[in-house]
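Trainee: coords please:
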Amino acid sequence: MDQLLLSLDKPFLALSAESAGNAFGIPWWLEVVGSRAGRSILDCGASPAIARQALDAGIGWTICRASPAQFRALETYNNYRGRVLTLRPPSSRRHNLRERPHDSL
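Mentor: Alright, predicted model coming up:
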């Protein structure tokens with residue numbers, strides 16, 4: 001990742017594949033993004049536990065399709081507030097977006 005970023009002269013934000021946090025784990029994502037973990041988004045599926053661990057590991061943002069109660073619990077911690085997304089960001093390719101939390105790709 002760092003090698004790729006050296007060839008770019010624009011800001012870069014890495015976005016994982018859907019549910020990659022569940023499938024491959026946080027250490028894998030940290031290896032992929034290298035020193036740019038703080039400028040990345042890890043999709044953690046429906047696991048608030050993995051989302052929390054990812055944020056604690058220095059990943060900038062997570063996507064977590066948690067229940068409203070679980071989401072509120074995450075948001076009570078100052079370090080997590082505003083860093084847990086419930087949908088993939090609109091900067092993703094249109095066919096890669098979820099319109100509603102329970103849509104499937």
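Trainee: which pLDDT does the model give Leu4?
Mentor: The model reports Leu4 with a pLDDT of 52.
Trainee: any weak-confidence spans in the protein?
Mentor: Scanning the chain for pLDDT under 70 picks out 1-12, 90-105.
Trainee: for it, which segments count as strands?
Mentor: 14-15, 40-43, 61-63, 84-85 (DSSP state E).
Trainee: helices or strands up against the longest one?
Mentor: Looking back up the chat, that one is strand 40-43. strand 14-15, helix 20-23, helix 26-33, strand 61-63 (3 or more CB pairs under 8 Å, 6 or more residues apart in numbering; DSSP states H and E). Glycine gets a C-beta too; all of them are placed from N, C-alpha and C.
Trainee: can you list the residues that contact that strand?
Mentor: 13-21, 26, 29, 33, 51, 54, 59-63, 85, 88-89 (CB atoms under 8 Å, 6 or more residues apart in numbering).
Trainee: what about the helices and strands packed on strand 40-43, which gets the closest to Leu74?
Mentor: When the helices and strands packed on strand 40-43 are compared by CB to CB, strand 61-63 sits nearest Leu74, at 9.0 Å.
Trainee: still on that earlier bit, out of the helices and strands packed on strand 40-43, deepest packed?
Mentor: strand 61-63 (a mean of 24; mean count of other CB atoms under 10 Å).
Trainee: that strand pairs with which strands, parallel or anti?
Mentor: Neighbouring strands of strand 61-63 in its sheet, by DSSP bridges, are strand 40-43 (parallel), strand 84-85 (parallel).
Trainee: now these as a markdown table including mean neighbour count?
Mentor: Output for these, formatted as a markdown table (neighbours: other CB atoms under 10 Å):
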| stretch | mean neighbour count |
| --- | --- |
| strand 40-43 | 26 |
| strand 84-85 | 19 |
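Trainee: want to throw these into TSV with distance to Pro68?
Mentor: What follows is these, written out as TSV (distance: least, CB to CB, whole Å):
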stretch	distance to Pro68
strand 40-43	19
strand 84-85	12
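Trainee: circling back to that earlier point, with respect to Gln70, which of the strands of the chain lies nearest?
Mentor: Among these, the nearest to Gln70 by CB to CB is strand 84-85 (9.6 Å).
Trainee: which outside residues touch that closest one?
Mentor: Ile41, Ala51, Leu55, Trp61, Thr62, Ile63, Cys64, Ala66, Phe71, Leu74, Glu75.
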